[in-house]
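Visitor: prediction below, plus the sequence it came from.
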Amino acid sequence: MDIHEVAGAGVREQREALDSGAVSVTELVDATLDRIDAAAELGAFIRVLREQARAQAAEYDRQRAAGAELGPLHGIPVAIKDEIDVAGVVTTFGTRANRTPVVADAEVVRRLRAAGAVIIGKTAMPEFGQWPFTESSTFGMTRNPWDLGRSTGGSSGGSAAAVAAGLVPVALGGDGGGSIRIPAACCGIFGLKPQRGRVPTAPHEHLWWALGVVGPLTRGVLDSAMVYDVIRGSTASDRFQALDPIMSFEEATRRTDRVLRIGYSLRSPVPMTKPDPEHVRAVEDTVALLAGLGHTVFEIDPDYPDPTSAFFPQFFGGVRAEAAVVDDPGLLERRTRETLRLGVWARRAVVERAIRRGEVLARGIDRVFDDCDLLLTPTTAIRPPVLGVLDGVGSVRAQLASIPMVAYTGLWNVTGHPAASIPSGVAADGLPLAVQLIGPANGETTILSVAAQLERERPQPRPPYRIPL
């Protein structure tokens, strides 16, 4: 296999090539850096850690030559969304207002390094991850590898573009209202939002209070599971902690012995929001595929609660908390300064009440899973929009533009349930389709099992983008 074929492959394929000696870590990292440089027009990366990555690769090659025990991600290049700390690098949160490098890795990055991953760079996001569109006045627009004039979604759009284009096999993202699932859907890749508390947010107590979680974006389900088995497990400093799963996530991708009850619904938790006909078709096609796999599939009408009173205090409070620690607040985008003015009421006591309200909603929505093991819905209501959604608009108009993107995803951040965006083919417009699978509390292994079955029956094609090497 050519080195660029390896560099454009997934986690499993890269690991096999490294284990067989077909390529060295240094060769893989050099090819990865070449691909990132050649695809700069995508705007996926805001900083590439060339020297650090090459030094790390050389050290891993020395370890292999010395017969050292190798971690499960030995030599795999990984990109990191720029709200997650990497030692010696500024955590920008998508803004020019930060300029001081952090001293230490976030716990999740430390675990990746301990497993042998090579941290290759930081990926683009909108300022503080506020929007489901990866556009900012600091770093510009991130382009979708399926159509360079279309949005990647957000806020983990840089991570999604990097994975979809084959620049890296995995990139970490964060999800506070759909920010893993939405860009995964727009870019035709797999993205699982884990159960709240599954992955550590340390050194921070929380990510957007109870809304935000960290997780990988990958092209395949198994790759996601392999990374989750490295990074999952909360720490003593994490405010939220999840129950340990009954099996490894990787093991769950091989499980086919359960006939599941899968409910599906096209109704949005947000009133007056209708899914695009292509998204309706994607759900209907997936229903037929699941039934063909032997599962019991039926339409349901979930009694969705209104999450507004729980979501918005945490949204505004999360942006306020991150903006409070930047070096120069005067350099924040005008739109963000408007968000901060609109959210001045979202103080700690208000946020704490919102968290408690979310816990009540979670107990109520749990009743959906009395009747079904998983819930199937669209991931987004609309197709990936044309770039420039945020051009010249303030916070209020940006929030209104965000509604059809987050309509199916935001509720599950409020309740903390796991949910995944699963590729489901290509629409007539040439852009990818996706569906969302939501599980009960701590139900990631059930989601992964079904997602892997769907992937085997319906492999997702790669985008038409070709890296100009």
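Guide: On my side now, so go ahead. Just so we're clear, the structure is a prediction, and the values are computed from it rather than from any experiment.
Visitor: can I assume residue 351 is in contact with residue 314?
Guide: Yes - here residue 351 reaches residue 314: they are 5.9 Å apart, a contact under C-beta atoms under 8 Å. C-beta coordinates here come from the backbone N, C-alpha and C atoms, glycine included.
Visitor: who's more crowded, these two?
Guide: Per other C-beta atoms under 10 Å, whichever of residue 351 and residue 314 has more neighbours is residue 314, with 28 against 23.
Visitor: residues contacting that one?
Guide: Neighbouring residues of residue 314 by C-beta atoms under 8 Å, 6 or more residues apart in numbering: 208, 209, 210, 211, 346, 351, 354, 355, 358, 414.
Visitor: name the secondary structure element that contains it.
Guide: Assigned by DSSP states H and E, residue 314 belongs to helix 308-323.
Visitor: so what secondary structure elements neighbour the helix or strand following that helix?
Guide: As assigned by DSSP H and E, the chain's next helix or strand after helix 308-323 is helix 334-342. Applying 3 or more C-beta pairs under 8 Å, 6 or more residues apart in numbering; DSSP states H and E, we find helix 334-342 packed against helix 308-323, helix 395-406.
Visitor: which one among the contacts of residue 314 gets closest to residue 278?
Guide: Closest approach to residue 278 among the contacts of residue 314 (C-beta to C-beta): residue 414, at 27.1 Å.
Visitor: CA-only coordinates of the helix holding residue 314 in CSV, if you can.
Guide: C-alpha atoms of helix 308-323 as CSV (Å, rounded to 0.1, in the frame of the first residue of the first chain):
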residue,chain,number,x,y,z
THR,A,308,-35.4,25.6,26.7
SER,A,309,-35.3,26.5,30.4
ALA,A,310,-32.5,24.0,30.9
PHE,A,311,-30.5,24.6,27.7
PHE,A,312,-30.2,28.4,27.4
PRO,A,313,-28.9,29.1,30.9
GLN,A,314,-26.1,26.6,30.4
PHE,A,315,-25.4,27.8,26.9
PHE,A,316,-25.0,31.4,28.0
GLY,A,317,-23.3,30.4,31.2
GLY,A,318,-20.8,28.2,29.3
VAL,A,319,-19.9,31.0,26.9
ARG,A,320,-19.6,33.4,29.9
ALA,A,321,-17.3,31.0,31.8
GLU,A,322,-14.9,30.5,28.8
ALA,A,323,-14.9,34.2,27.9
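Visitor: was I right to think residue 395 contacts residue 333?
Guide: No - if you go by C-beta under 8 Å, residue 395 and residue 333 don't touch, sitting 9.5 Å apart.
Visitor: tell me the predicted confidence for the closest residue to residue 390 other than its chain neighbours.
Guide: Computed as C-beta to C-beta, 6 or more residues apart in numbering, the closest residue to residue 390 that is not its neighbour in sequence is residue 135, at 4.7 Å. Residue 135 carries a pLDDT score of 98 in this model.
Visitor: got the contact list for stretch 383-391?
Guide: By C-beta under 8 Å, 6+ apart, stretch 383-391 touches 126, 131, 133, 135, 141, 143-144, 146-147, 149-153, 186, 276, 278, 335, 398, 401, 427, 429, 431.
Visitor: distance between the ends of it?
Guide: End-to-end distance of stretch 383-391 (C-alpha to C-alpha, to the nearest Å): 19 Å.
Visitor: buried ones in that stretch?
Guide: 383, 384, 385, 387, 389, 390 (16 or more other C-beta atoms under 10 Å).
Visitor: from these, pick the one nearest residue 323.
Guide: Distances from residue 323 to those, taken as C-beta to C-beta, are shortest for residue 390 (17.5 Å).
Visitor: give the contact list for the one residue sitting closest to the centre of the chain.
Guide: Residue closest to the mean C-alpha point of the chain, counted by C-alpha atoms, centre = their mean, is residue 180 at 2.4 Å. Residue 180 is in contact with 156, 173, 174, 191, 192, 193, 213, 215, 217, 421, counting by C-beta under 8 Å, 6+ apart.
Visitor: wait, a helix at the last one?
Guide: This means residue 421. No - the assignment for residue 421, made by DSSP: H, G, I helix; E, B strand; the rest coil, is strand rather than a helix.
Visitor: what's the burial count for it?
Guide: Using other C-beta under 10 Å, residue 421 has 33 neighbouring residues.
Visitor: quick check: it touching residue 191?
Guide: Yes - contact criterion C-beta under 8 Å: residue 421 and residue 191 qualify, at 4.9 Å.
Visitor: now do the shared contacts for these two.
Guide: With C-beta under 8 Å, 6+ apart, residue 421 and residue 191 have common neighbours 180, 181, 184, 185.
Visitor: show me the contacts for the last one.
Guide: Pointing back at residue 185 there. Residue 185 neighbours (C-beta under 8 Å, 6+ apart): 153, 191, 379, 380, 421, 432, 433, 434, 436.
Visitor: and residue 1, what's its pLDDT?
Guide: Note for residue 1: predicted pLDDT of 72.
Visitor: how close does it sit to residue 27?
Guide: Separation of residue 1 from residue 27 (C-beta to C-beta, to the nearest Å): 12 Å.
Visitor: those two - which one has more neighbours?
Guide: Taking other C-beta under 10 Å, residue 1 and residue 27 do not tie; residue 27 has more neighbours (18 against 12).
Visitor: now residue 32, what's its secondary structure?
Guide: helix.
Visitor: so it makes contact with residue 167?
Guide: Yes - between residue 32 and residue 167 there is a contact under C-beta under 8 Å: 7.0 Å.
Visitor: who are the neighbours in contact with the closest residue to residue 188 other than its chain neighbours?
Guide: Excluding its sequence neighbours, the residue lying closest to residue 188 (C-beta to C-beta, 6+ apart) is residue 432, at 3.0 Å. If you count contacts by C-beta under 8 Å, 6+ apart, residue 432 has them with 146, 185, 186, 187, 188, 423, 425, 426, 460, 463.
Visitor: contacting residues for the last one?
Guide: In this case it means residue 463. When contacts are counted by C-beta under 8 Å, 6+ apart, residue 463 touches 144, 145, 146, 164, 165, 187, 188, 432.
Visitor: out of the contacts of stretch 383-391, which end up buried?
Guide: Buried by 16+ other C-beta under 10 Å: 126, 131, 133, 135, 141, 143-144, 146-147, 150-153, 186, 276, 278, 335, 398, 401, 427, 431, out of those.
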